[in-house]
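Asker: Just need the structure, nothing else, for what follows:
(2 chains)
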Amino acid sequence: MDLFGDPAVWLPFTFAALMGVSILVYVVLDGFDLGVGVLFPFATDEEKDTMVASIGPFWDANETWLVLAIGLLLVAFPTAHGTILTALYLPVAIMLIGLILRGVAFEFRVKAPTPHKATWNWLFFVGSLMTSLAQGFMLGKYVMGLESTWGTWAFAGITAVFLTVAYSMIGACWLILKTETALQAKAVTWAKGGIWGLILGLGAVSLATPLVSPRIFDKWFSVPEIFLLAPLPILSAVMVLLLWRSLQRLPNATDAGARAPFSYAIALYILAFGGLAYSFYPYVVPEQLTIYEAASAPESLMIILVGAIFVIPMIGGYTALAYWVFKGKAAELRYD
Amino acid sequence: MDTLMLSRIQFGANISFHILFPTITIALGWVLLFFKLRYNATGNLRWMEAYRFWVKVFALSFAMGVVSGITMSFQFGTNWPGFMETVGNIAGPLLAYEVMTAFFLEAVFLGIMLFGFSRVPGWLHTLATFLVAFGTTMSAFWILVLNSWMHTPQGFEMREGVAYATSWFEIIFNPSMPYRLTHMLLASGLTVAFLIAGLSAFRWLLGDRSNSVRVTLKTGVFMGALLIPVQIFMGDMHGLNTLEHQPQKVAAMEGNWETQSNVPLLLFAIPDEEARENRMEVGIPNMASVILKHKADGVVPGLNDFVADDGTVMHPPVAPVFWSFRIMVGTGFAMLLLSWAAAYLMLRKKRGPEGVPKLMMLAMVPMAFSGWVATLAGWYTTEIGRQPWLVQGVLTTEMAVADVPAPFVGTTLAAYLAIYALLLAAYIGVLFFLARKAVDGDVPRPRTPLSGQAIAREIPAE
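Answerer: Predicted coordinates:
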């Protein structure tokens, strides 16, 4: 298979792209359902049921993108997997405990005896919050080159908060799309409140990334790269404006434009992720290990790729089917 | 304790907790498909009631399995980086295929299976049930391929300390895979059979005489009675396969120190690794030789053959393997006794569940979790039995462990253990709570669409 040139070059690139797409899909999909969990304390008990109903049929599959992303890191870049996860040992553990708590709370909150429901609701919130904070913390540490100093910890603390707010924002946008009446009106308020977190988060990461690494600084601010890159912040600013305007038109009698905030939020996530991917390429462990150095043997990558070409479109297809089956406003989840 | 031991306990705790739930969902998926197909064929509501009760158990077990499984995919990196660095070229594609062909399939169709009954046509709901069952089984297939390869690796070559695949056919169909996979799938079937029988017996004891509890009780008992002899036969075959490829493990299972003929089958003993002998042996003469070599004077390998000249022990710790094996076999025979007796009493004069005395019903309730006990004991036998190797003959456990400070591992281990204990208690509590609720008549409320989007099919399309 030398069709595309040296497989030791294009295979790692392909897998880095696949992993990037998985992380992006994960951050958008689990982002909104984690966000819904983070917003739990602001809702009434009845609203909580509707909020869970809006994500109940999807959360499992959403989380599977994390397994795919971490799986691709594991299988395509095994040395990087070890380095990154060992460096992030504690936040990973916190995230996992969070994921465990919220995942089982989905089931326990409706299956356990009614008096326990409040506890499971609370654990659902705590788990979602732990997961979001831990992921934001890891993002910050990663941007800081996985270094451990007071400064990097502080920065990671800040990104932890901002990512959590960003998740709650996209979660609120999802709720606008999937709910009605009072809850929808609340979700609009939540989304408006979340935009500031998003802007500050984007700003903080954008400012810090080039300052940490001279290599990334050059990649951003030298000619002609600066002109190629310019659309990214400009588009982001446009999206934030569009998002803000779409929120001001909601809620309304015909529910017109209820899809818009979620779409703009996704666009913002894509832009932000694109910026990060551009900055860090070709490194998988920042400034230490490139995707080409960390990649598995080409023959092993090839056998995965062959499967992926057949299977990933199928996954896309049946995921679309599931979202289509459960389209429209969230209804009570019933087994019959 | 050092990082190695703490990491081993942590991974052992995680994987033990995790396997409890896939063991249920793998076979329960197929049982649900069976209920659904019976309902499709007969139109009898008792099958659908059985489906609705057990699909809740499935949903709960599935969620527990998903979240505890994610933990493990991360711990490969956080605690065992040497594993993927050394054999990543082989383990990687197998894990990737598990995610791509199994995880997404089951996770996506689970939503339709659980909440789609009145939203999609009947055939699509049945198809979703099938695809979820198929997905869980595919997942078991890939992970057991990888696990078996770690016990009996082949189809690779080592270059500069890293394994490279030479034949994927040999890797996938490695010598212990067919035995291990069958043994595990049967274990899953038995776990579910006894869980269904146990919870149904619990409902029966509380006075539930509904048609659905009758069919689930029968399904559980007969499923158990049919599978257990097959499992005992299969376990024996697996043991012979292990004898061929990992004799040191069989030596530990038998508590046999010297390679010799006429080895007794030990029913009880306290293996003493310091003195390299057993204390308080009670055994049946020649039986181990007969089981393993099919003749009384058959030669059975002994543990002392696996000690290097410099005293390095290259066989697994004896007592845990010896005892886990006995717990597994003992539980298996208890399952045989109970399921055959119950099946016989149900068939006799066609009395059904009424033919089963109350005491036996009572015995079935704790036996609901006998599958878990046997499965865990079996996994401990085979996994501890692989020590000190992580990949037999290729990579030792010690070489793979991460250089994480021991207090980090200790802290996270304590946190995991606390959460697992809590969740296990909650899980078992909810199973019995659901059963009690079913006894009180968990009648579905009248359907009221919550939103403007009216639910078109009041009655499922079938």
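
Asker: Could you measure from whichever residue of the stretch 101-250 of chain A sits closest to chain B over to residue A:63?
Answerer: Residue nearest to chain B within the stretch 101-250 of chain A (Cβ to the nearest Cβ): residue A:103, separated by 3.7 Å. Yep, even glycine has a C-beta here, placed from its N, CA and C like the rest. Using Cβ to Cβ, to the nearest Å, we find residue A:103 at a distance of 7 Å from residue A:63.

Asker: Equivalent analysis for residue B:434, please.
Answerer: Residue B:434 is 24 Å from residue A:63, where distance means Cβ to Cβ.

Asker: And residue B:133, by the same measure?
Answerer: 20 Å.

Asker: sorry, back to before: who's more crowded, residue B:434 and residue A:63?
Answerer: Remark: of residue B:434 and residue A:63, residue A:63 carries more neighbours, 24 against 20, as counted by other Cβ atoms under 10 Å in any protein chain shown.

Asker: wouldn't that one be in contact with residue A:99 here?
Answerer: Yes. Counting by Cβ atoms under 8 Å, residue A:99 is a contact partner of residue A:63 at 7.1 Å.

Asker: okay, and the common contacts of residue A:103 and residue A:63?
Answerer: residue B:66 (Cβ atoms under 8 Å, 6 or more residues apart in numbering or on different chains).

Asker: If we ignore the residues flanking it in sequence, what's nearest residue A:272?
Answerer: Excluding its sequence neighbours, the residue lying closest to residue A:272 (Cβ to Cβ, 6 or more residues apart in numbering or on different chains) is residue A:202, at 5.6 Å.

Asker: Three-state assignment for that neighbour, please.
Answerer: helix (DSSP: H, G, I helix; E, B strand; the rest coil).

Asker: Can you give me the neighbour number for it?
Answerer: Neighbour tally, residue A:202, other Cβ under 10 Å: 20.

Asker: if we can go back for a sec, so when I look at the residue of the stretch 101-250 of chain A closest to chain B, I'm seeing a helix, right?
Answerer: Yes. Assessed with three-state DSSP, residue A:103 lies in a helix.

Asker: three-state assignment of the residue of the stretch 151-300 of chain A found nearest chain B?
Answerer: As assessed by Cβ to the nearest Cβ, chain B sits closest to residue A:300 within the stretch 151-300 of chain A, at 4.2 Å. Under three-state DSSP, residue A:300 falls in the helix class.

Asker: same thing with the one 10 residues further on?
Answerer: Of the three states, residue A:310 takes helix under three-state DSSP.

Asker: can you map out the helices along the stretch 151-300 of chain A?
Answerer: A:181-212, A:214-221, A:225-229, A:231-248, A:260-280, A:291-294, A:298-325 (DSSP state H, counting those that start in this stretch).

Asker: go on, the stretch 201-350 of chain B?
Answerer: B:211-245, B:247-254, B:287-293, B:318-347.

Asker: Show me the one of these that comes nearest chain A.
Answerer: Of all the helices of the stretch 201-350 of chain B, helix B:211-245 comes closest under Cβ to the nearest Cβ, at 13.3 Å.

Asker: For the closest one, the averaged confidence score.
Answerer: Computed over helix B:211-245, the mean pLDDT rounds to 92.
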